[in-house]
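**Student:** A structural model of the following input is requested.
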Amino acid sequence: MLMDRYLNDISGLITPYESYYPYPNVEERATWESIPDTIRTYWISKGEGYLGFSWPAITAVDYIQYSRNGNVVRYQNKYEERRSVLASLVLAECMEGDGRFIDQIMNGIWTICEETSWVIPPHMVISKISSNDCIPNISDQYIDLCAGETASLMATTHYLLQKPLDAVSPNICGRIRMEMKRRIFDPYLERNDLWWMGLETNRKMNNWNPWINSNCLSAFLLLERSDERRYRGIEKVMRTLDRYISDCSTDGGCDEGPVYWDRAGGALFDCLELLYEASQGKMNLYNEPLIKEIGRFLYRVHIDGTNFVNFADSSAQFEIAADIVYRYGSRIGDRQLVRLASSAYQTNKPPLSRWLTLHRMIPSFFVDEKMKEMGETPPFVRDVWMNSIEVMTAREQEGSSRGMYLAVKGGHNDESHNHNDIGHFLVYSDGSPFLIDIGVETYTAKTFSPERYDIWTMQSTYHNVPMVNGVQQKAGIAYKASEVKYQVHHEQAQISMNLACAYPEAAGIVSWKRTYSLYRNKEAFIEIVDDFKFLQATDDIKIHMMTPCMPQIESNGSILLQNASGEKVNIHYDGSTLLALSEAIKLTDERLRAVWGDYLYRITLKAKHAVSASVWTMRIGNG
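**Tutor:** Next comes the predicted model:
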């Protein structure tokens, strides 16, 4: 897409290095002082907290812990803290402009430049720099997500503060330029084997591609003084981005889950915006239908507040980057996306992200007042069908989170950040979770290893899907939904699919057609109909459902779910056919506990009698 349009005229479109001024540098005081006082005060105060900061040492043992026991926390906490502190100090200096933070900024720059590698240990293994040795090989300059983020931080720091840094010593910025050349610019230009570039592999691209490309593009634009190398870098970014765009679902769906949109669709926006600004609007893909669809994904899976439809490795609760979403929505002219961003901005806290990406943060300071003034509510879209990733969402009424909400997933079990979850569904009521997707625990070495599906959160038995003859769904593109049909009208939204192909032959399933319906009657309800047939009769049939509410199983074929606020949902089923059981699952992982608390619960509806075929119906509602 980019190469077809702009390859032959990059040098004529991109602003030359000596004329490229995307942001005010620290000397342009009037512009920095025009930023709202609340923002300036916040960052100056944050920088003051780091004036006495002791930069933590990263030892050889910190690196090797990952290959020894899969734990990267000790290393990564130090690595990320260094970068977060440096970015905070840089912003504090730009906001204040008195030179008070320069010494600590120099300490941060020097500390990071002294690191043996900017690549973190898990990515050394994933990227096959080393099969099990996480001590960095200085001769292999790989670029991963974290090296890319570091590159953007160093390039932006150089751009913003070169004059006061050079006044102390020109060797500070000289060191930045040297490290950037050997760690980022040379390998980016010379290597085509980096898998996330998509130049020597047919592997489907994921968030690594736009995320790393956005940071490398920013660095090339800000720091590469040779126009020939700068244009080569931009051309390569365009080539690799085209691979990502070509792999995007035509419906704009992010199969990695909405929490990843920020560094998938959001990072693609970063790239497009950098090209747009560097070409003074001549490189412009914002009218492309696919680019618009990618932006719209976020409000299509928004439930209420910080609750989102969280298939794959996504968390069920997170705060969106309101500034990125607002700017994306503004560029594509999508009022719904702007509304989502504005509403999130009213409640989201100041940025506490792992990554303070300066090339995306600085423009946000200048749209702060616009977002604040809008005071919008979310769009709360009533019906969504994303036919490429096979995700349906439906709510009781347009423009409101009140009432019943249903989300359903088809697709296949080889998606990026995949869980084995074909036929999985979520139920929320008045914006609160009742039947859920658990999410994922804190990442370890096992998460992205061949043992991934030994982790309980990845397994189908901990999703809201059937299990037959003790057999779960399997991972792989062959395990998928079939016969998927969607229909919607004012009174009803419905999707049906055959789940049989999601299971291996050992399950003995001939057909399992599941139909999900949201009825918008006077008293709305959700209906799940399972119509199945087996090779031979069995009573080893279980329907699992995950919930954050302690189930109250009643004798009349119903289960009451009640949350801490007293809101209730009832599940009705045929008690003559099915036996209801429940079990508590104590959560020990902090990532899950932050969302769900101490416990989750698994409901099991178990067949009372052996059958070779049957139709089971569940009704879920407030009555």
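**Student:** Show me where the stretch 1-150 of the chain has its helices.
**Tutor:** Listed in chain order, the helices of the stretch 1-150 of the chain (DSSP state H, counting those that start in this stretch) span 2-6, 10-13, 29-32, 37-48, 60-69, 73-96, 102-113, 121-126, 145-168.
**Student:** mind giving me a markdown table with those helices and columns for mean neighbour count, mean pLDDT and distance to Glu491?
**Tutor:** All C-beta atoms are positioned from the backbone trio N, CA, C, and that covers glycine. Below are the helices of the stretch 1-150 of the chain laid out as a markdown table (neighbours: other CB atoms under 10 Å; pLDDT from 0 to 100; distance: least, CB to CB, whole Å):
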| stretch | mean neighbour count | mean pLDDT | distance to Glu491 |
| --- | --- | --- | --- |
| helix 2-6 | 16 | 95 | 44 |
| helix 10-13 | 15 | 94 | 52 |
| helix 29-32 | 14 | 97 | 55 |
| helix 37-48 | 16 | 96 | 47 |
| helix 60-69 | 16 | 86 | 54 |
| helix 73-96 | 21 | 95 | 50 |
| helix 102-113 | 19 | 98 | 59 |
| helix 121-126 | 22 | 79 | 48 |
| helix 145-168 | 22 | 98 | 46 |
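**Student:** so which of those helices gets nearest Ala481?
**Tutor:** For the helices of the stretch 1-150 of the chain, proximity to Ala481 was assessed by CB to CB; helix 121-126 is nearest, at 28.5 Å.
**Student:** Same list (the helices of the stretch 1-150 of the chain) but as a markdown table, adding distance to Glu415.
**Tutor:** Listed next are the helices of the stretch 1-150 of the chain as a markdown table, based on distance: least, CB to CB, whole Å:
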| stretch | distance to Glu415 |
| --- | --- |
| helix 2-6 | 25 |
| helix 10-13 | 34 |
| helix 29-32 | 44 |
| helix 37-48 | 38 |
| helix 60-69 | 26 |
| helix 73-96 | 26 |
| helix 102-113 | 35 |
| helix 121-126 | 17 |
| helix 145-168 | 19 |
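**Student:** Below-threshold pLDDT in the chain: ranges please.
**Tutor:** For the chain, residues meeting the criterion pLDDT under 70 lie at 125-132, 349-354.
**Student:** Please go through it and pick out the longest strand.
**Tutor:** Assignment by DSSP state E gives strand 525-538 as the longest strand of the chain.
**Student:** Run through the neighbouring helices and strands of that one.
**Tutor:** Secondary-structure packing of strand 525-538 (3 or more CB pairs under 8 Å, 6 or more residues apart in numbering; DSSP states H and E): strand 404-409, strand 466-468, strand 509-519, strand 611-621.
**Student:** hmm, who's touching that strand?
**Tutor:** 404, 406, 425, 427, 466, 468-469, 508-519, 541, 543, 607, 610-623 (CB atoms under 8 Å, 6 or more residues apart in numbering).
**Student:** Check stretch 99-113 too.
**Tutor:** Residues contacting stretch 99-113 (CB under 8 Å, 6+ apart): 47, 50-51, 53, 55, 82-83, 85-86, 89-90, 92-93, 118, 150, 153-154, 157, 161, 164-165, 168, 172, 175-176, 179.
**Student:** if you set the cut-off to 7 Å instead, what comes out?
**Tutor:** 47, 50-51, 53, 55, 82, 85-86, 89-90, 92-93, 150, 157, 161, 164-165, 168, 172, 175-176, 179 (CB atoms under 7 Å, 6 or more residues apart in numbering).
**Student:** Just the CA coordinates for it, please, in CSV.
**Tutor:** Output of stretch 99-113 as CSV, limited to C-alpha atoms (Å, rounded to 0.1, in the frame of the first residue of the first chain):
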residue,chain,number,x,y,z
GLY,A,99,18.7,22.8,33.5
ARG,A,100,17.8,21.4,36.9
PHE,A,101,17.5,17.8,35.5
ILE,A,102,20.4,17.7,33.1
ASP,A,103,22.9,15.9,35.3
GLN,A,104,20.5,13.1,36.0
ILE,A,105,19.5,12.9,32.4
MET,A,106,23.2,12.5,31.5
ASN,A,107,23.4,9.7,34.1
GLY,A,108,20.5,8.0,32.5
ILE,A,109,21.8,8.3,29.0
TRP,A,110,25.2,7.0,30.0
THR,A,111,23.8,4.1,32.0
ILE,A,112,21.6,2.9,29.1
CYS,A,113,24.4,3.4,26.6
